[in-house]
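>>> Fold the following.
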Amino acid sequence: MEGSGADTDGNEFKNAKEMWMEQVGDTTKRTQWYREGVGYWQAVEASVNGVLGGYGHVSDGDILGSEVFLKSILAERFPLAGKDRPLVALDCGSGIGRVTKNLLIRYFNEVDLLEPVSHFLEAARESLAPENNGASDLHKATNFFCVPLQEFTPDAGRYDVIWVQWCIGHLTDEDFISFFKRAKLGLKAGGIFVLKENIARSGFILDKEDRSITRSDTYYKDLFNQCGLYPFKSRDQKGFPEELFPVKMYALTTEVPRRISRARREQINRPGVIK
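All right, here's what the predicted structure looks like:
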């Protein structure tokens, strides 16, 4: 695992293993980690500004960046996009349903929401009710699961896309790997994960207030490898205030990338003959 990191009190760690041993090194500490993480959000108002930590004004830019990324994925992975069969998505860490309402429900026939903070999920349920959202039978929020990521197991083969945004930092490395291994079973053939998260410039940063960790790109890629996931596409979020962490989107597949044979590569790279 990539090297050193620090917490928001200025304490430094030689590596992630040292930090996790201190934070969740026994059952009591692990339970406290998750209790305090959910407890932090339980004290936050169920609004866009609340779930975005006072930066509600970035929501439109966030949705726009995500939509560009999602459309490119749908065009490559699901060219018939719901015409051959219904498309189903899972919104992990859905909060008040901001991403579902403004993005996912427009592209997927069914969206399930997963959120451990009960008053956020109730706000999402109300916001996404057909009478409030103008939803139709063809595009709707279907299930609302009040369950934390580390305890959730999806129905086998239900989802085309599992969208995980601004929530995976609350999971320890061990639970990160365990979650994705379980969630892989919830994907349909050819299904993908989309992970959108804050990125540390190197190592990691531990937020002691909300019990979350911001990992570097290298850190994430090491975890993806341990999960048996392969980056299919990635994109940086643009247009956020400079004081915020950089944000990156990853599309992840369970399929081992196909390797082009040496003979095929040479054929592709051979200059064409001008006639």
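>>> List the buried residues for the longest strand seen in the chain?
Assignment by DSSP state E gives strand 187-198 as the longest strand of the chain. Applying a neighbour-count criterion of 16 or more other CB atoms under 10 Å, one finds Leu187, Lys188, Gly191, Ile192, Phe193, Val194, Leu195, Lys196, Glu197, Asn198 buried in strand 187-198. Every C-beta, even on glycine, is put in place using the N, C-alpha and C of the backbone.
>>> And stretch 203-214, by the same measure?
Those would be Gly203, Phe204, Ile205, Leu206, Asp207, Asp210, Arg211, Ser212, Ile213, Thr214, for stretch 203-214 by 16+ other CB under 10 Å.
>>> before we move on, what about stretch 237-254?
Gln237, Phe240, Val247, Lys248, Met249, Tyr250, Ala251, Leu252, Thr253, Thr254.
>>> How about residues contacting that stretch?
Surrounding stretch 237-254, the residues in contact under the criterion CB atoms under 8 Å, 6 or more residues apart in numbering are 55, 58, 61-62, 65-66, 69, 73, 184, 187, 191-201, 214, 217, 220, 224, 228-236.
>>> farthest-separated two in the buried residues of stretch 237-254?
Phe240 and Thr254 (30.0 Å; CB to CB).
>>> Which strands border the longest strand of the chain, and is each parallel or antiparallel?
If you go by DSSP bridges, strand 187-198 pairs up with strand 159-165 (parallel), strand 247-253 (antiparallel).
>>> what's the spacing between the closest residue in space to Phe145 that isn't next to it in sequence and Glu255?
Once flanking residues are discounted, Phe145 sits nearest to Leu114: 4.7 Å by CB to CB, 6 or more residues apart in numbering. For Leu114, the distance to Glu255 equals 24 Å [CB to CB, to the nearest Å].
>>> What of Gln32?
In terms of CB to CB, Gln32 sits 38 Å off from Glu255.
>>> got it, and Asp236?
For Asp236, the distance to Glu255 equals 24 Å [CB to CB].
>>> tell me the contacts of the residue most central in space within the chain?
Nearest to the mean C-alpha position of the chain, by CA atoms, centre = their mean, lies Val164 at 2.0 Å. By CB under 8 Å, 6+ apart, the contact list for Val164 reads Cys92, Gly93, Leu149, Phe193, Val194, Leu195, Lys196, Glu197.
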